[in-house]
Structures are given as structure tokens and as C-alpha cells.
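A.B. asks: here's a sequence, model it:
(one chain, ligands or ions: 2)
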Amino acid sequence: MTITIGLPSKGRMKEDSSAILARAGFPVTAVGNDRSYRGRVEGRDDIEIAFLSASEISREIANGTVDFGVTGEDLVREGLAEADARVEFCARLGFGHADVVVAVPEIWLDVDTMADLGDVAADFRARHGRRLTIATKYWRLTQQFFSGNHGIQLYRIVESLGATEGAPASGSADIIVDITSTGSTLVANHLKILNDGVILRSEACLVRARKPEHTGNATVAEIVEAVRAAL
Ligand SMILES: Nc1ncnc2c1ncn2[C@@H]1O[C@H](COP(=O)(O)OP(=O)(O)OP(=O)(O)O)[C@@H](O)[C@H]1O
Ligand SMILES: O=P(O)(O)OC[C@H]1O[C@H](OP(=O)(O)OP(=O)(O)O)[C@H](O)[C@@H]1O
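C.D. replies: Ligands and ions are numbered 1, 2, ... in the order given. I've put the predicted structure just below:
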């Protein structure tokens, strides 16, 4: 059985992902030319590399097209219901750090916690004639956090595919859920993170699709062990 590993083909995680595999003893080369979307590991016919974007990798792990992938925990948990039942987070790789956070306008002086936000949401319709709106591309994580963890039901999500932090100023949403790493985009847009508003502390992970045929597979065990040892 050939084991396929999905690696970022572009973007911020590309270099670090290949570097960690090389350190683990799996030097990756592209098949054909540099633009190829398939790769191999020197001397290992039992391992195949699929170069994909970080978000595609989480999808391919979900449908089992790849056995392993290197991608952000946020993308996996957003893309997959019951993520822990369907994938194993084998190792946290120490790069690609980003927090998924709830942020509100700085001028909301009385709103510092999710409980405060729950109060705002509860009488938002009475005050403004509509529900509190949240701009995000993280639908699943937002719903789990607001409804599941905090019992806040009165809100509406408006999908944002870019420049999410600009939504409150432009009037397309009241608050946001997005990732932040240095925090400078939030500051530039006069937004503050709620004290208990960190939904997820994400980083790049080695993720395995839970497949029955992995049980007892020596290559699968070797990859996990070697990557952990390389950290
Ligand atoms: N400052 C940051 N901005 C965006 N993503 C970041 C940042 N820091 C780390 N990440 C992580 O990088 C991953 C997204 O990477 P990238 O943008 O390369 O992938 P992608 O979403 O597949 O790309 P694209 O949107 O171009 O298809 C996420 O897991 C995210 O948490
Ligand atoms: O906390 P900071 O360090 O300011 O980073 C956070 C910002 O970086 C990302 O956008 P970016 O424009 O990098 O890329 P994207 O196209 O992946 O959203 C992200 O969507 C945030 O807007």
C-alpha cells in the first residue's frame, strides 16, 4: 500500500512543511518539474507526495484521498465535523501559528467578555431591529463557540472571504471571527479580542486520516515517529 502525504504547494506553510519532512528523513522532490503537483521521497516507493493548498489538504484528508497532510488545525476543524473522530492530530509542528478569535470594535467599552457579548446579542434586535451580525469564513467554529460553548443563539453570520477585519467599519457586520498572528490587522482596524474570545490556538500539524488499513502499517507508524523525533 502506498502512503500519500499532502503537502502545501504554495503559501506560508510550504517551505516549513518540506523542511520538517526532510529533517524527519523524507527528502521530498517534485516529479517532473517544479510546477508538478506530485512528488516523491528519495528511495521510498511506498510514499507519494501530493502538493495541494493548505485548505485543499484538509478536504482531502476528510475524504481520505490522502493518508497524511500538513495543514493548519483551524482548516481541519473548520472543514470537518467531529474532526477528532475522523482524523488524528499526530504532531504539532511549531510553525503557522494563528489564533481564531472573536473581535469587536474597540469603542464597545462595555464589552470585554463573551458573556457581555451575549447580553448585547440578546437585546440587539430590540435596539437595532436586526440580529447581531458576525463576519467570518469560519462558520463551523463560530457556531460551535457561540451556540455550543456560550449559549448565544441570536446572531447571524455573514460570509466573508477576505478583508474580514474591515467589515465592522464598512457596516457589513458588527463583529468578526478571524485569525490573527501578530495582531496588527486587528489594531489597524480598531478591533479588540474579547478576554475569553480565543476560539482556537492553531498551528501547522501533521494530520492523519483515520483509515482501518493504517492499523499495523509499518510506513504509517514510521512517518509519525520520524516526524515527532524531528521536532
Ligand atoms: N497571518 C496569517 N494569515 C493567514 N493564515 C495564517 C497566518 N498565520 C498562519 N496562518 C495559517 O495558514 C493557513 C492558511 O495558509 P494559506 O493561506 O497558505 O492556505 P490556503 O487557505 O490554502 O491558501 P489560499 O487561501 O491561497 O487558497 C491556516 O491554517 C492559517 O491558520
Ligand atoms: O494578526 P496579523 O499578523 O495582522 O495577521 C492576520 C491577518 O493575516 C491574514 O491575512 P493575509 O492577508 O495574510 O492573508 P489571507 O489572504 O490568507 O487572508 C488574516 O486573514 C488576517 O487578516
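A.B. asks: use CA for all of it now, contacts and neighbours both
C.D. replies: Fine.
A.B. asks: pLDDT averaged over the helix or strand containing residue 127 - what is it?
C.D. replies: Using DSSP states H and E, residue 127 maps to helix 124-128. Average pLDDT, helix 124-128: 94.
A.B. asks: so which bits of it are buried?
C.D. replies: residue 124 (16 or more other C-alpha atoms under 10 Å).
A.B. asks: check stretch 1-13 too.
C.D. replies: Quick answer for stretch 1-13 (16+ other C-alpha under 10 Å): 3, 4, 5, 6, 7, 8, 9, 13.
A.B. asks: skipping adjacent residues, who's closest to residue 158 in space?
C.D. replies: residue 135 (4.9 Å; C-alpha to C-alpha, 6 or more residues apart in numbering).
A.B. asks: now for the chain, the helix or strand with the poorest mean pLDDT.
C.D. replies: The least trusted helix or strand in the chain, going by mean pLDDT, DSSP states H and E, turns out to be strand 28-30, with a mean of 92.
A.B. asks: okay, and which of the buried residues of stretch 1-13 map to strands?
C.D. replies: Members of the buried residues of stretch 1-13 lying in strands (criterion: DSSP state E): 3, 4, 5, 6, 7, 8.
A.B. asks: skipping adjacent residues, who's closest to the fifth one in space?
C.D. replies: Right, residue 7. Residue 7's closest residue in space is residue 51 (C-alpha to C-alpha, 6+ apart), at 5.0 Å.
A.B. asks: quick one: pLDDT of the one you found?
C.D. replies: 95.
A.B. asks: ok, it touching residue 31?
C.D. replies: No. Here residue 51 does not reach residue 31: they are 10.6 Å apart, not a contact under C-alpha atoms under 8 Å.
A.B. asks: with that, I have no additional questions.
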